[in-house]
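J.: would you be able to build a 3D model of this:
(2 chains)
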Amino acid sequence: MSYIPNISNYATKLAGVLAYMVQYGCITHCVLEYVGDFVICTGPSMEPTIYSNDILLTEHITPRFQRIKKGDIIIAKSPSNPQIHVCKRVTGMPGDKVLVGFSSKVVPRGHVWLEGDNRSNSADSRIYGPVPQGLICARALCRVWPPKEIKMLTHKKGQVIVR
Amino acid sequence: MKLPALVKSFLLGIPVGITFLDTVGYVARVEGISMQPALNPEAPVTDYVLLNRWSIRTREISRGDVVSLVSPKDPGQKIIKRVVGIEGDLISTIGYKQSFIRIPEGHCWVEGDHTGHSMDSNSFGPVSLGLVTAKASCIVWPPHRWQTLKPEIPQARRPVNIS
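T.: You can find the predicted model right below:
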């Protein structure tokens, strides 16, 4: 007769643990979605600023308030595949004239022009055109891995300032 | 610092609420006449629709879905339109710079049901699927307008490659 109270104790404890998991899972979701997170980069398109397998700290606040500026390094959803992300630098804001091959284009309202720092090996706006600002998820702040390469990524184009 | 239990549970409830709205869905007010007669047929009475975020997490959009998306012209604004074409479809456009267009990979063609009174893909072109934020599944207010939104394209606007 004494095992029935044990099961109700067990169930209450389990419910308590689940409630904590849900609460902290939700807090984690909100932080990763609205504040910032870490991003692993692959590919050569941002060399020499960012190398493959670098880990970056990114923030989600400036894109949400449309405060992205020219020269920022941003993470955006790929225009041709929304499940993958691209990491590029903003090289043109709306109204800017950008060079594509031998002709120039004007960046339309609500879009940005993205280019990788490694111009010879980067699939970017020169291939897929201007990117709507709604696809931008995050702005890269600094590199945190590998540890001897920790540095802030500033928005001086073509120049990484070590702080 | 000892917080009153009520304040503590309120603060813990905020991330749970935000996570629920981000993951499951929320109710939104529809403004404008671009989706008449499906939405807002009796101006000035506005419809409130249930925006389902759970169903787009795999980004599988089909023809006829009514979706909410970030406007390509203004990233701070969300618009609600019907998906008339998915990638690979050949669309005959109304007033776009090309009279026929094949929708590129990872994009869709959205139009308002009220042809001619709608700022949609006919003005800004194919929309990247990463801009779609939710699917409108049903109208929840006013009560005499309770219904689920049917995924049907008006006959005149069907893609050319769909017989």
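J.: rest of the way, CA atoms for contacts and neighbours
T.: Will do.
J.: quick check: the nearest residue to residue B:100 once chain neighbours are set aside vs residue B:109, distance?
T.: Excluding the flanking residues, the one nearest residue B:100 by Cα to Cα, 6 or more residues apart in numbering or on different chains is residue B:92, at 4.6 Å. Distance of residue B:92 to residue B:109, given as Cα to Cα, to the nearest Å: 11 Å.
J.: okay, these two: which has more neighbours?
T.: residue B:109 (30 against 18; other Cα atoms under 10 Å in any protein chain shown).
J.: what are the bridge partners for the residue nearest the centre of chain A, then?
T.: By Cα atoms, centre = their mean, chain A has its centre lying nearest to residue A:75, at 3.2 Å. Counting by DSSP bridges, residue A:75 forms beta bridges with residue A:87, residue A:138.
J.: how far is the lengthiest helix in chain A from where the chain is centred?
T.: Ranked by residue count under DSSP state H, the longest helix found in chain A is helix A:3-34. Relative to its parent chain, helix A:3-34 has a centroid offset of 30 Å by Cα atoms, centre = their mean, to the nearest Å.
J.: same question for stretch A:79-96.
T.: On Cα atoms, centre = their mean, the centre of stretch A:79-96 falls 11 Å from the chain's centre.
J.: same deal with stretch B:63-79?
T.: Centre to centre, stretch against its chain (Cα atoms, centre = their mean), the figure for stretch B:63-79 is 6 Å.
J.: could you list the buried residues of it?
T.: Buried residues in stretch B:63-79, counted by 16 or more other Cα atoms under 10 Å in any protein chain shown: B:63-75, B:78-79.
J.: of those residues, which are in range of chain A?
T.: Among the buried residues of stretch B:63-79, the residues lying close to chain A (Cα under 8 Å from any Cα of the partner chain) are B:70-75.
J.: do a quick rundown of the strands in the chain.
T.: Just so you know, I chose chain A. A:36-40, A:55-59, A:73-78, A:81-92, A:97-100, A:103-106, A:111-115, A:131-132, A:136-145, A:151-152 (DSSP state E).
J.: correction: the question concerned chain B.
T.: B:25-29, B:48-52, B:66-70, B:78-85, B:90-92, B:100-102, B:107-111, B:127-128, B:132-141, B:147-148.
J.: thinking again about what came up before, I'd say the residue nearest to the centre of chain A and residue A:136 touch.
T.: Yes: between residue A:75 and residue A:136 there is a contact under Cα atoms under 8 Å: 6.1 Å.
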